[in-house]
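Chemist: Fold the stuff below for me.
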Amino acid sequence: MNFVEPIREIKKISQIKNILKSNNNIRDLLLFELWINSALRISDLLSLKIWDLFENSRTIKDFFDIKEIKTNKNNRITITSKVKETLKLYRETYPDIIENKNNFVFFQKKSFPLGNSPISRKMSWVILSKLCDDIWLKWNFWNHTLRKTWWYQARMNNIPLEIIQHKLNHSSLSITMRYLWITADEIMDACNKLDL
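Modeler: This is a model prediction of the structure:
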């Protein structure tokens, strides 16, 4: 796996959402929001179909269950209120996609019939890297960036490590600890706060 950075500033996350909203790019807005809020690996995210997120009545679900491709473990993903708002926009923007429960949520725009094929991992990276360029993020970003962003933001919001481990579906706390992204500034700040 490439060494990649999380997005550390909430302001940057908001800027990306605003760019996607202003361009009326609802598919990519949903990709970004669900990616960052689910902390799923991109391969799992791209495998999602309409029936994963919507009931037959086109009602948005509160959660969905997925068997992770890499680990073969089951994971229950909460659909947050912000993601639900974007799913409402998605439903309005792509009514033909919603009609077929077997369509891919993150469909290739040039597929025929539309919804029959998901975007590729490479395309998801192209989307993410362009967004990072648009807001002047110049670090190393890759498909694992938004998963790591969730970890980082959870830690910054004092979510217990055991909850983070469970959310990420890690088999041990030591695996979760590897990805906590503790910076030199955080260590210095902790030392200054403690200052015994």
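
Chemist: any weak-confidence spans in this structure?
Modeler: 1-3, 139-142, 179-183, 196 (pLDDT under 70).

Chemist: Okay, strands next: where are they in it?
Modeler: Remark: strands assigned in the chain by DSSP state E are 63-67, 74-78.

Chemist: Next, format the ones you listed as CSV and append mean neighbour count and distance to T93.
Modeler: In this view, the C-beta of every residue, glycine as well, is placed from N, C-alpha and C. What follows is the strands of the chain, written out as CSV (neighbours: other Cβ atoms under 10 Å; distance: least, Cβ to Cβ, whole Å):
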stretch, mean neighbour count, distance to T93
strand 63-67, 13, 20
strand 74-78, 15, 22
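
Chemist: between the ones you listed, which gets nearest to I98?
Modeler: Taking Cβ to Cβ, strand 63-67 is the member of the strands of the chain nearest to I98, at 15.2 Å.

Chemist: List the strands paired with that closest one, with their directions.
Modeler: strand 74-78 (antiparallel) (DSSP bridges).

Chemist: Tell me how far the strand it pairs with lies from the chain's centre.
Modeler: Centroid separation between strand 74-78 and its chain, computed with Cα atoms, centre = their mean, to the nearest Å, is 13 Å.

Chemist: re earlier: closest to L48 out of the strands of the chain?
Modeler: Nearest to L48, of all the strands of the chain, is strand 63-67, at 7.6 Å by Cβ to Cβ.

Chemist: contacting residues around that closest one?
Modeler: Strand 63-67 has contacts (Cβ atoms under 8 Å, 6 or more residues apart in numbering) with 40, 44, 47-48, 52-53, 73-79.

Chemist: Export the residues you listed to TSV and append columns for distance to S172.
Modeler: Converted to TSV, the contacts of strand 63-67 look like this (distance: Cβ to Cβ, whole Å):
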residue	distance to S172
L40	19
D44	20
S47	25
L48	27
D52	28
L53	30
K73	13
N74	18
N75	16
R76	20
I77	21
T78	23
I79	27
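
Chemist: ok, which pair from these is furthest apart?
Modeler: Largest separation among the contacts of strand 63-67 by Cβ to Cβ: L53 and K73, giving 20.2 Å.

Chemist: Closest one to A184 out of the contacts of strand 63-67, please.
Modeler: Using Cβ to Cβ, the contacts of strand 63-67 come closest to A184 at L40, 29.8 Å.

Chemist: mind listing what that closest one touches?
Modeler: Applying Cβ under 8 Å, 6+ apart to L40 gives the contacts L34, I66, E68, N75, I77, R147.
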